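Trainee: Fold the following for me, if possible:
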Amino acid sequence: MLSGVKSRVLAIVAIGAVGLSALTACDPLDGGPVVQPPAAEQAEQVGEVGTARTQLDTLSVAGWAPMTGYSRDRFHHWQSQGDGCDTRDRVLQRDGQGVVTGDDCRITAGTWFSVYDGQTLTDPSDLDIDHVVPLANAWRTGAAAWTDEQRAAFANDLQRPQLIAVSSSSNRSKGDQDPSQWKPPRREYWCTYAQSWIAVKAYWHLSVTADEKAALAEMLGTCT
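Mentor: Residues are numbered from 1 along each chain as shown. A predicted model of the protein is given here:
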């Protein structure tokens with residue numbers, strides 16, 4: 001089961017800057033809405049560590065902006081994704097095995113492997129959908145200047161490796177901390193976690209702190 005989960009996780013890590021920009025018709029922050037292509041057209045790429053390191057070097061380094069005006073409500077989620085499903089439902093369907101869906105896309109059963117802490121879970125209520133780059137972190141590193149529409153697109157981004165189903169306990173332990181403050185308990189996941197974090201920040205033009213950048217470089221050092 002673990003190898004299958006790793007394959008699915010790697011399949012959603014889209015790291016290359018050129019490849020990422022090609023997935024949408026315009027820059028996500030050009031002032032217009034971000035249009036998500038159909039799921040069948042979403043690119044599945046395996047992240048290259050060298051590309052992640054290159055992207056990390058290009059990220060702007062800055063201190064945290066204040067939390068003034070922040071609210072999770074400014075990042076509307078979970079949005080409808082069609083057929084009665086919302087973004088949470090889609091992530092649970094994607095990340096689980098043997099997922100059973102009832103009326104109105106209600107997830108009633110399945111098996112999920114929480115890559116953060118290694119737990120195997122069978123009750124959907126025991127899972128949270130984690131924003132890899134937390135909403136509060138995004139606010140303090142650039143998202144405060146976005147429109148509410150852009151923030152909603154970020155909070156429901158199914159194309160980048162921004163959303164992942166993990167145990168509620170691991171997600172709540174993480175909170176809004178960056179990699180200098182919190183790392184997944186499973187060291188085996190550090191490489192993928194760092195690549196995912198960098199991919200999201202690069203695509204959405206978010207800055208990093210000096211400590212955050214150092215922690216990400218350390219985590220990339222665990223890649224084989």
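Trainee: going forward, measure contacts and count neighbours with C-alpha atoms only.
Mentor: Will do.
Trainee: Helices of this structure, residue ranges please.
Mentor: Secondary structure of the chain (DSSP state H): helices at 2-11, 17-22, 49-58, 87-95, 135-140, 148-155, 168-174, 190-203, 210-220.
Trainee: tell me the angle the longest one makes with helix 49-58.
Mentor: Okay, so that is helix 190-203. Interaxial angle, helix 190-203 versus helix 49-58 (axes from the mean of the first three to the mean of the last three C-alpha atoms, to 10 degrees): 50 degrees.
Trainee: Output the contacting helices and strands for helix 190-203.
Mentor: With contacts taken as 3 or more C-alpha pairs under 8 Å, 6 or more residues apart in numbering; DSSP states H and E, helix 190-203 sits against helix 17-22, helix 49-58, helix 210-220.
Trainee: which one's the longest strand in the chain?
Mentor: When the chain is parsed with DSSP state E, its longest strand is strand 107-113.
Trainee: Can I get that strand as PDB, trimmed to CA atoms?
Mentor: What follows is strand 107-113, C-alpha atoms only, in PDB (Å, rounded to 0.1, in the frame of the first residue of the first chain):
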ATOM      1  CA  ILE A 107     -17.500   9.600   1.400                       C
ATOM      2  CA  THR A 108     -18.600   6.700   3.500                       C
ATOM      3  CA  ALA A 109     -15.600   4.300   3.400                       C
ATOM      4  CA  GLY A 110     -12.100   3.800   2.200                       C
ATOM      5  CA  THR A 111      -8.500   3.400   3.300                       C
ATOM      6  CA  TRP A 112      -6.000   6.300   3.600                       C
ATOM      7  CA  PHE A 113      -2.300   6.300   4.400                       C
END
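Trainee: That strand - which strands sit beside it in the sheet, and in what orientation?
Mentor: strand 97-101 (antiparallel), strand 120-121 (antiparallel) (DSSP bridges).
Trainee: Output those strands as CSV; include the columns distance to T54 and mean pLDDT.
Mentor: Shown next, in CSV, are these (distance: least, C-alpha to C-alpha, whole Å; pLDDT from 0 to 100):
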stretch, distance to T54, mean pLDDT
strand 97-101, 34, 96
strand 120-121, 34, 98
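Trainee: Kindly reformat the ones you listed as a markdown table containing distance to T192 and mean neighbour count.
Mentor: Formatted as a markdown table, the strands paired with strand 107-113 follow (distance: least, C-alpha to C-alpha, whole Å; neighbours: other C-alpha atoms under 10 Å):
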| stretch | distance to T192 | mean neighbour count |
| --- | --- | --- |
| strand 97-101 | 20 | 15 |
| strand 120-121 | 19 | 16 |
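Trainee: Deepest-packed of the helices of the chain, please.
Mentor: Stretch with highest mean neighbour count among the helices of the chain: helix 190-203 (a mean of 24; mean count of other C-alpha atoms under 10 Å).
Trainee: what's the spacing between L121 and Q97?
Mentor: Per C-alpha to C-alpha, to the nearest Å, L121 is found 11 Å from Q97.
Trainee: nearest residue to the residue nearest the centre of the chain other than its sequence neighbours?
Mentor: Nearest residue to the geometric centre of the chain (C-alpha atoms, centre = their mean): Q162, 1.2 Å. Counting by C-alpha to C-alpha, 6 or more residues apart in numbering, Q162 lies nearest to V132, which is 4.9 Å off, once chain neighbours are set aside.
Trainee: quick one: the one you found and A194 touch, right?
Mentor: No: using C-alpha atoms under 8 Å, V132 is not in contact with A194; the gap is 9.7 Å.
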